[in-house]
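Novice: Any chance you could fold what I've pasted below:
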Amino acid sequence: GVGAVDQTQQPLSPTAFTNSGNLLKPDLWAPGSHVLGLRVPNSFIDARFPAARVCTRLLRGSGTSQATAIVSGAVALLASKYPNATPPQIRSALRLSGQA
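Specialist: Sure thing, here's the model as predicted:
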């Protein structure tokens, strides 16, 4: 699991859209506040949060959805560079390279 931190705050703290009361703690934490992503016009999020639109193509979001996308990209890069790596090895590499 991936938790989202507000990278604009020091010390880092979970974003408002992270369930910090959950008994299952995330394996990793990643930036999850004010993250730019591609906008899907007329989607549920696009229609519900028009103020999050940055331009015609981008949306600024916060929460575990953004943090998970960042970690997924990192996993894809590691899997591409090390195609024989197992999921536990990739998780370990991400954990070891993280900042506490």
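Novice: now the strands for the protein?
Specialist: Assigned by DSSP state E, the chain shows strands spanning 2-6, 13-14, 28-31, 35-38, 58-61.
Novice: weakest of the ones you listed by average pLDDT?
Specialist: Of all the strands of the chain, strand 13-14 carries the lowest average pLDDT, namely a mean of 72.
Novice: I'd like the distance from the longest helix belonging to the chain to the chain centre, please.
Specialist: Ordering each helix of the chain by length in residues (DSSP state H) puts helix 64-81 first. Put simply, helix 64-81 sits 8 Å off its chain's centre (Cα atoms, centre = their mean, to the nearest Å).
Novice: What is it packed up against?
Specialist: Here helix 64-81 touches strand 2-6, strand 28-31, strand 35-38, helix 87-97, going by 3 or more Cβ pairs under 8 Å, 6 or more residues apart in numbering; DSSP states H and E. For glycine as for every other residue, the C-beta is placed from the backbone atoms N, C-alpha and C.
Novice: Pipe the ones you listed into JSON lines and attach mean neighbour count and distance to residue 69 per row.
Specialist: Shown next, in JSON lines, are the helices and strands packed on helix 64-81 (neighbours: other Cβ atoms under 10 Å; distance: least, Cβ to Cβ, whole Å):
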{"stretch": "strand 2-6", "mean neighbour count": "21", "distance to residue 69": "9"}
{"stretch": "strand 28-31", "mean neighbour count": "20", "distance to residue 69": "9"}
{"stretch": "strand 35-38", "mean neighbour count": "14", "distance to residue 69": "7"}
{"stretch": "helix 87-97", "mean neighbour count": "12", "distance to residue 69": "14"}
